[in-house]
Each structure stands twice: as structure tokens, then as C-alpha cells.
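**Q** Structure of the sequence below:
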Amino acid sequence: MQDHSEWKVPVQERSKRRFDAILDAAGAELNEVGWHRFTMESVALRANGSIGSVYRYFPNKLSLIAALIDSQNKQLLRVFDSRDDGDEPFEDLVLDMIDRYAAAVRKSPGLRAVGIAAQFDHEAHELFRHAIYPARQWMTAALRHRLPKVETTRLEGIAAILVLTFESLMLFSNQLATPSREVILREMRLVLRGYMKELAQEVT
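**A** Numbers count the residues shown, from 1 in each chain. Take a look at the predicted model:
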């Protein structure tokens, strides 16, 4: 797998505008052509620039998509910041946030294409895992609020398991036929309720 962990971050204002234009073009291109037909050349054309201007910041298309996801994650975090945790049942809170986050992901340019490709492409799956990082952060905080006696490392592990388990529903929940979706949500609610009850009993 190619390295997609680094890209060049511009410093000058003019370069920042060019950088952002390339990210916008990448998101639009992913939406239109999908994962497999996405190329650096097509992004350069859509951004009205040269291929050299794209490679100036991104060594390959995976680093470009990773940068796009990193940029969008900052906006996706606002989904969780706008939600009052309160003391409602954990299963209701989680399922509500799954729907909210799924809606936000689908509106984020390019992420839906990455999510679809993640079902059968290893590189796309690795990138999509970064897209659900904000959900993992929120899940850890929500668990800590309800299970303050559980050590942080375990909470982080539980959060990771929950988010990965619900990954497909987070992206495609409202695309299912209504009866099927309601059955899934009902069963997930019961599973979460039982899991949280067992965890609470374990630490008391």
C-alpha cells in the first residue's frame, strides 16, 4: 500500500487557496467518477491547474484523499459538538448520533465514494477508517461520562469496537428499506442496552 500519511501543508495565503481548491476539486471528482476512476490528472483538470501543481502538495492520490478526509473531519466533529449528551439511555444516544453522523458523511464531498469502495478495496477501507475517527472520539467521551470508573485505555478499545461494528450503518442507514432499517435499529438497541448493563455491573 502506498504511503498516504503525509502531504505538504502550504504556508502562504495564495498557496493555501490553491491547496483548498485542489481539495474541493478532489471531493467533487470522487463524487462524480468514484474511487476507481479518480486520478490526479482529473483533479488537476477540474481545479483548472497543472498536474505539477497537484503533485506539489500530494505525492499520490491516496495522500490527496487522506488530506481531503482530514479537512472534512474537522467539520464532522461539529456534529458531535452540537449534540447535548445529557443522561438519556446510551443506546438511544448512540443510534441518534449514528444517524446524524451518517447524514453528515453523505453530505461531505467524496466520502460516500470512499465508503462504498471501502467494502471491497483495502486502501479505501484504511482511508475510510480515518473518516470515522471523530465518531470514535465522541464514543469514548460518551462512555467515560457513563462509566467513569473504567480506565481510559479500555474505554478507547470499547469505542473502537462499537464504531467499527456500526461503520456500515453509519454510512448507509437511511438507504435501507424502512422495515429492514427499523428491525436493525431495534436489535442494535437491545444489544447496546445489554452490553452497557453488563459493563456497569462489572465495574460496580
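**Q** any idea of the mean pLDDT for stretch 146-164?
**A** Averaging pLDDT along stretch 146-164 gives 86.
**Q** and Gly21, what does it touch?
**A** You called it Gly, but residue 21 is Ala. Counting by Cβ atoms under 8 Å, 6 or more residues apart in numbering, Ala21 touches Ala47, Asn48, Gly49. No exception for glycine: its C-beta is placed from N, CA and C like everyone else's.
**Q** ok, now Met97?
**A** Neighbouring residues of Met97 by Cβ under 8 Å, 6+ apart: Val79, Phe80, Arg83, Ala135, Trp138.
**Q** Buried residues, stretch 149-162. List them.
**A** Val150, Leu155, Glu156, Ile158, Ala159, Ala160, Leu162 (16 or more other Cβ atoms under 10 Å).
**Q** Distance from the chain centre to that stretch, please.
**A** Distance of stretch 149-162 from its chain centroid, counting by Cα atoms, centre = their mean, to the nearest Å, is 19 Å.
**Q** what's the closest of the contacts of Ala21 to Val33?
**A** Ala47 (14.4 Å; Cβ to Cβ).
**Q** quick one: the closest one from Phe58, how far?
**A** Plainly put, Ala47 is 12 Å away from Phe58 if you go by Cβ to Cβ, to the nearest Å.
**Q** Check the contact lists of those two and give me the overlap.
**A** Ile22.
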